[in-house]
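Enquirer: okay, structure incoming, though there's no sequence with it:
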């Protein structure tokens, strides 16, 4: 169980209380860990998806997976803090791409965004990616996040296996399935 | 636009009307094509997910992607018919695994199911997969479908690149990202 007490409400002597900690304990509940479902509820309430639509559960799983070093499928406070920072960065980036403030970005804006993150991809691959993460040509914030998380994770997995840095990597079947099914 | 008229309601002379066609046109609406959102609505109404919970949109996108030969991101009638058959097969398989009829399967039942589909995977990879597609140790029907679709697609993509059939395949970075980001 996590210790009780939010910001400005007790805390332990000599321990600096992080302002985000009270929020974390409220979301995490009894077990002191945030599951994908709890994260979804929390991001929906914080209106990260815009229009108070439920934040994509799939994206929540991807994010927990990205930061899940102990393979618990849940998130402790330090991981939550890291996610919160990353997520706010992505939200700012997303809002800067979404020039008309519609809450969604279009294919072209998305392609520019992926380019500006430094990924070198062919136009065909870029088109596939954008199609995959859009609904009726529009990409919402949670789909954008899912796309960023997957690109980051898959590029990292590829690089580990491309030790010569030649842009080519060999995978055994089991390794390929493990890498790709868990992202 | 798709021609009007459901089963038993007109149809064209000399043309056999498929009983599923009327249902398809009702779901597809004006444009005669089913989008991921329309498929989600349709599968939710047919209560494929059980308990009348919304069917996972992500799974709908995966399914359309699996059958999408013309890269339109939507589904025509023939693709819908094919999906309907595949989906009913998966539903039956899922119900046969779910011995206590709880509507979800547990990790062990899921591992047995994946094994029985003929995939040869290490216990570690199997554990990763099951963790990735479960919520609190339980796998719902839509997560099970997402898992089946991904495994099938990724195994197919791997085999195409493993022409010697040695269980090893080399990927260029762009190809790797295209394969893995679009599944």
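Expert: In hand now; what should we look at? Note that this is a predicted model, so its numbers are computed, not measured. Numbering: from 1, shown residues only, chains lettered A, B, ... in the order given.
Enquirer: is chain B contacted by stretch A:39-48?
Expert: No: Stretch A:39-48 lies apart from chain B when judged by CB under 8 Å from any CB of the partner chain; the minimum separation is 10.2 Å. From N, CA and C alone the C-beta is placed, and that goes for glycine too.
Enquirer: who's in contact with that stretch?
Expert: With CB atoms under 8 Å, 6 or more residues apart in numbering or on different chains as the test, stretch A:39-48 has contacts from A:27, A:34, A:49, A:52-57, A:60, A:63-64, A:75, A:87, A:91, A:141-142.
Enquirer: same thing but at 7 Å, please
Expert: With CB atoms under 7 Å, 6 or more residues apart in numbering or on different chains as the contact definition, stretch A:39-48 has outside contacts at A:27, A:54, A:55, A:57, A:60, A:64, A:75, A:91, A:141.
Enquirer: now render the residues you listed as a markdown table, adding secondary structure and pLDDT.
Expert: Shown next, in a markdown table, are the contacts of stretch A:39-48 (DSSP: H, G, I helix; E, B strand; the rest coil; pLDDT from 0 to 100):
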| residue | secondary structure | pLDDT |
| --- | --- | --- |
| A:27 | helix | 90 |
| A:54 | coil | 86 |
| A:55 | coil | 89 |
| A:57 | helix | 84 |
| A:60 | helix | 90 |
| A:64 | helix | 86 |
| A:75 | strand | 88 |
| A:91 | helix | 90 |
| A:141 | helix | 92 |
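Enquirer: can you turn the buried part of those residues into a ChimeraX selection?
Expert: In ChimeraX syntax, the buried subset of these is picked out as below (16 or more other CB atoms under 10 Å in any protein chain shown):
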select /A:27,55,57,60,64,75,91,141
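Enquirer: excluding chain neighbours, what is closest to residue A:183?
Expert: Closest residue in space to residue A:183, ignoring its immediate chain neighbours: residue A:153 at 4.7 Å, by CB to CB, 6 or more residues apart in numbering or on different chains.
Enquirer: tell me which element that neighbour is part of?
Expert: For residue A:153, the enclosing helix or strand under DSSP states H and E is helix A:141-161.
Enquirer: cool, and residue A:105?
Expert: strand A:104-106.
Enquirer: which other residues reach that strand?
Expert: So strand A:104-106 is contacted by A:94, A:97, A:98, A:137, A:138, A:139, A:140, A:144 (CB under 7 Å, 6+ apart).
Enquirer: list the contacts for the fifth one?
Expert: Same thing as residue A:138. Going by CB under 7 Å, 6+ apart, residue A:138 touches A:104, A:106.
Enquirer: bridged to it, which residues?
Expert: For residue A:138, the beta-bridge partners are residue A:106, residue A:135 (DSSP bridges).
Enquirer: circling back to that earlier point, which of the contacts of strand A:104-106 are buried?
Expert: Looks like the contacts of strand A:104-106 have A:94, A:97, A:98, A:139, A:140, A:144 buried, using 16+ other CB under 10 Å.
Enquirer: residue A:122 against residue B:172, yeah?
Expert: No: between residue A:122 and residue B:172 there is no contact under CB atoms under 7 Å: 9.9 Å.
Enquirer: hey, what's in contact with both of these two?
Expert: Counting by CB under 7 Å, 6+ apart, residue A:122 and residue B:172 have no contacts in common.
Enquirer: for chain B, see how far away residue A:81 is.
Expert: To chain B, residue A:81 is 23 Å away according to CB to the nearest CB, to the nearest Å.
Enquirer: for the residue nearest to the spatial centre of chain A, give me the pLDDT.
Expert: Nearest residue to the geometric centre of chain A (CA atoms, centre = their mean): residue A:63, 3.9 Å. Note for residue A:63: predicted pLDDT of 89.
Enquirer: ok, now the one 4 residues further on?
Expert: Note on residue A:67: pLDDT of 82.
Enquirer: now do the SS call for the closest residue to it other than its chain neighbours.
Expert: Counting by CB to CB, 6+ apart, residue A:67 lies nearest to residue A:79, which is 4.5 Å off, once chain neighbours are set aside. The three-state assignment at residue A:79 reads helix, by DSSP: H, G, I helix; E, B strand; the rest coil.
Enquirer: residue A:114: neighbour count?
Expert: Other residues near residue A:114 come to 18 when the count uses other CB atoms under 10 Å in any protein chain shown.
Enquirer: where does the closest residue to it other than its chain neighbours land in three-state SS?
Expert: Sequence neighbours aside, residue A:126 is the residue nearest to residue A:114 in space, at 6.5 Å (criterion: CB to CB, 6+ apart). Under three-state DSSP, residue A:126 falls in the helix class.
Enquirer: tally up the residues packed near residue A:126, please.
Expert: The burial count for residue A:126: 21, using other CB under 10 Å.
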